[in-house]
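1. Sequence first, then the predicted structure, then my questions.
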Amino acid sequence: MEETRLMLAAAALNQTPMDWAGNLQNIHTAISEAKQNSTHILLLPELCITGYGCEDMFLSPWLSEMAFNQLLQIKEWCDGITVAVGLPVFLDKKVYNTACVIKHKEIIGFTAKQFLANDGVHYEPRWFTPWPAHEVQEFEFFGQKYKIGDIIYEEQGVKYAFEICEDAWRPNRPAERHMPKGVQLILNPSASHFALSKTDVRHRLVVEASKKYQCAYMYANLLGNEAGKMIYDGEVLVAQNGKLIRRNELLCFKDVDLECAEVCFSDKPVIEEVIEYLPPIDENTELVSALSLALFDYMRKSRSRGFVLSLSGGADSSLCAVAVAEMVRRGVESIGMEAFMNKALLFTEEEKAAIGQMPQQEALKAMVGKLLTCAYQGTVNSSNDTYTSAKELAESIGATFYKWTIDDEVVGYISKIEGALGRRLTWEQDDITLQNIQARVRAPGIWMLANIRYALLLATSNRSEASVGYATMDGDTAGSISPIAGIDKAFIRQFLIWAQQELGYTGLQYVNNLQPSAELRPSEEEQTDEKDLMPYEVLNQIERLAFHDRYSPEEVYDLLLEQNIAAPDLLKGWITKFYSLWSRNQWKRERYAPAFHLDDYNVDPRSWLRFPILSGGFKDELKRVQQK
Ligand SMILES: Nc1ncnc2c1ncn2[C@@H]1O[C@H](COP(=O)(O)OP(=O)(O)OC[C@H]2O[C@@H]([n+]3cccc(C(=O)O)c3)[C@H](O)[C@@H]2O)[C@@H](O)[C@H]1O
Ligand SMILES: Nc1ncnc2c1ncn2[C@@H]1O[C@H](COP(=O)(O)OP(=O)(O)OP(=O)(O)O)[C@@H](O)[C@H]1O
Ligand SMILES: NC(=O)CC[C@H](N)C(=O)O
């Protein structure tokens, strides 16, 4: 039996669009590490020279030219190794998304992506042209000729070829055609966005392909918050003949995460009978890992100095606070305290030295104190419960905490407008106005703190609120980023209980005993979100059926009725309220601060879900629901 052993390596890279020097540095590190491990073939992620998220810049020919120049530098580092590196190639006024193979300092070909990602958060056909199957062409660049297309390569007699990310997600994927041609190794450079539980799908895709096509399959994803909204988990997978050989720790804080595996290729492969799948995914751990890495990358890549948060003691702002504390804890765990503080870019030498001397828990708190500033901004409608919740949580994680009231400012605005109108504003007549002014008056002070500290102001809106516009524009929506706008409120509430119990955030015990409330009406009215809206579980179900599963309002009604969610009239009322508020508030979703994509869908019009700002508001459709 013929056998060949190859040392394979794949690296996850934390890249940034058009950060030429930073991206090149990471690629250099990966190549050096791979060489130290006597690697034959190193795989790097999709479009890692430019970054995957360059958006419309891909349409500018100079970007591809710049990328090519980087490639020529990378080529020189590839003595004694084969490296696959991703970049756009501009050819005949079209742009191709390619993986370039450099072997021993020579470019031996470019494989171009055949299936472009065009769903959910992906808009690739806007920039790239798909490459036709089977076709290989030659092109000239700076006087040199290169091959581009559907190429099969060879390393020590082992044939290998590519599937570039989405290529692997389609039924007539390239591997179908490669197998009969004797390809024994598939390389998949990816930019596969993070979504809860998605790693399971990816794992299946890779391991099942390795069984079906009787090959080795190597996969490398991008890592971190690359361009602001999408997060990459940096997954590296190596599988062969239905068996997983290597899988790395996801969502780490490193710039480069390299995995090596020696793989034996034989002309008589032994195929695994039963594939071993991943155990059930713990979505709470996944969420906090993704959120904390996303915050860290956003902060350092935007060169901001920490975060500021209006901390109400309610669920949403508490989750934002915990996410920053976890950013510190997980970051230190992943790369060590010194590296974390260096990467964070805001600790002075004295602070680093002092924190370095402290016991671990004290040091973590000191770092949170530097990175997170919170303020409780009470009104006459605020309760002691929420104040205690905010204060205890901030203290328990070490955040800098201020407290003030905003009643003077609220009263000032109200009396000014009363003077202008010549009448009193009352709760009976001016309910929403009197609520919104409180939320708005909280914005300037907290923005001031953010400005003073050159920090990012965290907006706390969640996806459920965003769906129905249950937030005040220029009030509680004010902020630089909306880290949790992709997560629904029901998930957030169960997450906080889990974080108290499993992560030890004892400061969450207060919020976990509170009903979500805006605390904007007089306290005797006992305002709660769910009284104003509907149960969050129901809101979430309607939203998912309507926009993730794409059912009509009538179908949503029928499906929920079947599940005995509520009596027919109550359900009709909730569905009508949901769609009316949804339509009326598209303009608000257009104005949210940048939000992370975390769940399998989101309602952000600039990423997952587009909807007209002005529309018929589902009037006819809702009439039909009412008539049922
Ligand atoms: N298509 C469109 N394009 C642009 N603007 C549009 C518009 N439709 C209405 N508008 C404008 O929208 C404005 C109303 O929006 P906005 O002022 O935000 O207020 P609005 O959406 O009317 O009310 C805010 C809601 O959020 C709730 N809230 C507020 C704050 C915090 C919390 C909490 O959970 O803590 C909850 C509050 O109870 C209330 O139900 C109007 O002045 C109108 O001109
Ligand atoms: N008393 C307060 N002090 C500081 N910030 C506040 C206060 N009340 C509201 N806010 C700000 O307004 C945001 C919106 O309030 P909202 O009620 O939607 O969220 P929450 O209070 O965090 O959670 P919950 O809805 O579970 O009470 C808060 O997250 C917070 O940033
Ligand atoms: N870059 C891509 O082609 C990504 C698309 C692919 N379906 C994924 O989500 O992983």
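-> The structure has been received and is ready for your questions. Numbers count the residues shown, from 1 in each chain. Ligands and ions are numbered 1, 2, ... in the order given.
2. Close to ligand 1: what parts of the protein are there?
-> Residues of the chain found near ligand 1 (CB under 6 Å from any ligand atom) are 432, 435-436, 439, 469-473, 475-476, 518, 520, 529, 532, 584, 587, 613. (Each C-beta comes from the backbone N, C-alpha and C, glycine too.)
3. out of these, who's near ligand 2?
-> By CB under 6 Å from any ligand atom, the members of the residues of the chain next to ligand 1 lying near ligand 2 are Asp476, Ala518, Asp529.
4. can you give me how far stretch 484-501 is from the chain middle?
-> Centroid separation for stretch 484-501 versus its chain: 16 Å, with CA atoms, centre = their mean, to the nearest Å.
5. and stretch 105-118, C-alpha only, in PDB?
-> Taking Å, rounded to 0.1, in the frame of the first residue of the first chain, the C-alpha atoms of stretch 105-118 are listed here in PDB:
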ATOM      1  CA  LYS A 105       8.500  31.000  -3.000                       C
ATOM      2  CA  GLU A 106       6.700  30.500  -6.300                       C
ATOM      3  CA  ILE A 107       3.000  31.300  -7.100                       C
ATOM      4  CA  ILE A 108       1.700  28.200  -8.700                       C
ATOM      5  CA  GLY A 109      -2.000  29.100  -9.100                       C
ATOM      6  CA  PHE A 110      -5.100  30.900  -8.000                       C
ATOM      7  CA  THR A 111      -8.300  29.000  -7.300                       C
ATOM      8  CA  ALA A 112     -11.400  31.200  -7.600                       C
ATOM      9  CA  LYS A 113     -14.600  30.800  -5.600                       C
ATOM     10  CA  GLN A 114     -17.400  29.200  -7.500                       C
ATOM     11  CA  PHE A 115     -20.400  29.700  -5.300                       C
ATOM     12  CA  LEU A 116     -20.800  33.200  -3.800                       C
ATOM     13  CA  ALA A 117     -22.400  33.700  -0.400                       C
ATOM     14  CA  ASN A 118     -25.600  35.600  -0.800                       C
END
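6. Contacts for it, please.
-> Contacts to stretch 105-118, defined as CB atoms under 8 Å, 6 or more residues apart in numbering, come from residues 71, 75-76, 78-79, 89, 96-102, 122, 124-125, 128, 130-133, 144, 146-151, 153, 161-162, 164-167, 169-170, 173-174.
7. before we move on, what about stretch 462-471?
-> By CB under 8 Å, 6+ apart, stretch 462-471 touches 316, 439, 461, 477, 484-490, 492, 529, 532-533, 536, 539-540, 543, 577-578, 581-582, 584-585, 588-589, 592, 599, 602-603.
8. Now do the buried residues in stretch 483-503.
-> Neighbour-count burial for stretch 483-503 flags 483-493, 495-496, 498-500, 503 (criterion: 16 or more other CB atoms under 10 Å).
9. and these, which of them are in helices?
-> Applying DSSP state H to the buried residues of stretch 483-503, the entries found in helices are Lys489, Ala490, Phe491, Ile492, Arg493, Phe495, Leu496, Trp498, Ala499, Gln500.
10. The fifth one: what's it in contact with?
-> Okay, so that is Arg493. Counted by CB under 8 Å, 6+ apart, Arg493 has contacts Ala315, Pro516, Tyr536.
11. Relative to Gln214, which of the residues you listed is nearest.
-> Tyr536 (48.4 Å; CB to CB).
12. tally of neighbours for the closest one?
-> 21 (other CB atoms under 10 Å).
13. How about Ala420?
-> 8.
14. Next up, phi/psi of it, please.
-> Dihedral pair for Ala420: phi -70, psi -40, per degrees, to the nearest 10.
15. Tell me how far the closest residue to Arg170 other than its chain neighbours lies from Glu55.
-> Spatial nearest neighbour of Arg170, excluding adjacent residues (CB to CB, 6 or more residues apart in numbering): Phe115 at 4.7 Å. Separation of Phe115 from Glu55 (CB to CB, to the nearest Å): 20 Å.
16. Show me the helices in the stretch 451-600 of the chain, by range?
-> Assigned by DSSP state H, counting those that start in this stretch, the stretch 451-600 of the chain shows helices spanning 463-468, 489-502, 529-532, 536-543, 553-562, 568-584, 586-590.
17. Nearest to Lys403, out of these?
-> Nearest to Lys403, of those and by CB to CB, is helix 489-502 at 21.6 Å.
18. Dihedrals phi and psi, whichever residue of the stretch 151-300 of the chain sits closest to ligand 2?
-> Closest residue of the stretch 151-300 of the chain to ligand 2, CB to the nearest ligand atom: Leu291 (15.3 Å). Here is the backbone geometry of Leu291 (degrees, to the nearest 10): phi -60, psi -40.
19. For it, report the pLDDT, please.
-> With respect to pLDDT, Leu291 scores 98.
20. For the stretch 401-550 of the chain, what lies in contact range of ligand 2?
-> Within reach of ligand 2 by CB under 6 Å from any ligand atom, the stretch 401-550 of the chain has these residues: Arg442, Thr460, Asp476, Pro516, Ser517, Ala518, Glu519, Asp529.
21. show me where the stretch 251-400 of the chain has strands.
-> Along the stretch 251-400 of the chain, the stretches classed as strands by DSSP state E, counting those that start in this stretch are 256-266, 307-310, 372-378, 400-405.
22. Throw these into TSV and include mean pLDDT and mean neighbour count, thanks.
-> Converted to TSV, the strands of the stretch 251-400 of the chain look like this (pLDDT from 0 to 100; neighbours: other CB atoms under 10 Å):
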stretch	mean pLDDT	mean neighbour count
strand 256-266	98	19
strand 307-310	98	28
strand 372-378	98	24
strand 400-405	98	15
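23. Let's have those strands in CSV, adding distance to Asp385.
-> Shown next, in CSV, are the strands of the stretch 251-400 of the chain (distance: least, CB to CB, whole Å):
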stretch, distance to Asp385
strand 256-266, 43
strand 307-310, 17
strand 372-378, 12
strand 400-405, 14
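24. Tell me which of these sits nearest to Leu8.
-> strand 256-266 (5.4 Å).
25. The closest one - contacts with which helices or strands?
-> strand 3-13, helix 20-36, strand 236-240, strand 243-247 (3 or more CB pairs under 8 Å, 6 or more residues apart in numbering; DSSP states H and E).
26. mind putting these in TSV, mean neighbour count, mean pLDDT and distance to ligand 3 included?
-> Shown next, in TSV, are the helices and strands packed on strand 256-266 (neighbours: other CB atoms under 10 Å; pLDDT from 0 to 100; distance: least, CB to the nearest ligand atom, whole Å):
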stretch	mean neighbour count	mean pLDDT	distance to ligand 3
strand 3-13	23	98	14
helix 20-36	18	98	17
strand 236-240	27	98	12
strand 243-247	18	98	16
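27. Mind putting the ones you listed into a markdown table with distance to Glu338?
-> Output for the helices and strands packed on strand 256-266, formatted as a markdown table (distance: least, CB to CB, whole Å):
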| stretch | distance to Glu338 |
| --- | --- |
| strand 3-13 | 22 |
| helix 20-36 | 18 |
| strand 236-240 | 25 |
| strand 243-247 | 28 |
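28. Tell me the confidence at Ser523?
-> pLDDT, read off for Ser523, is 87.
29. Does it touch Asn381 like I think?
-> Yes: shown here, Ser523 and Asn381 form a contact pair, counting by CB atoms under 8 Å, at 5.7 Å.
30. circling back: what's the lowest-pLDDT member of the ones next to ligand 2 among the residues of the chain next to ligand 1?
-> pLDDT across those is lowest for Ala518, at 86.
31. Thanks a lot, see you next time.
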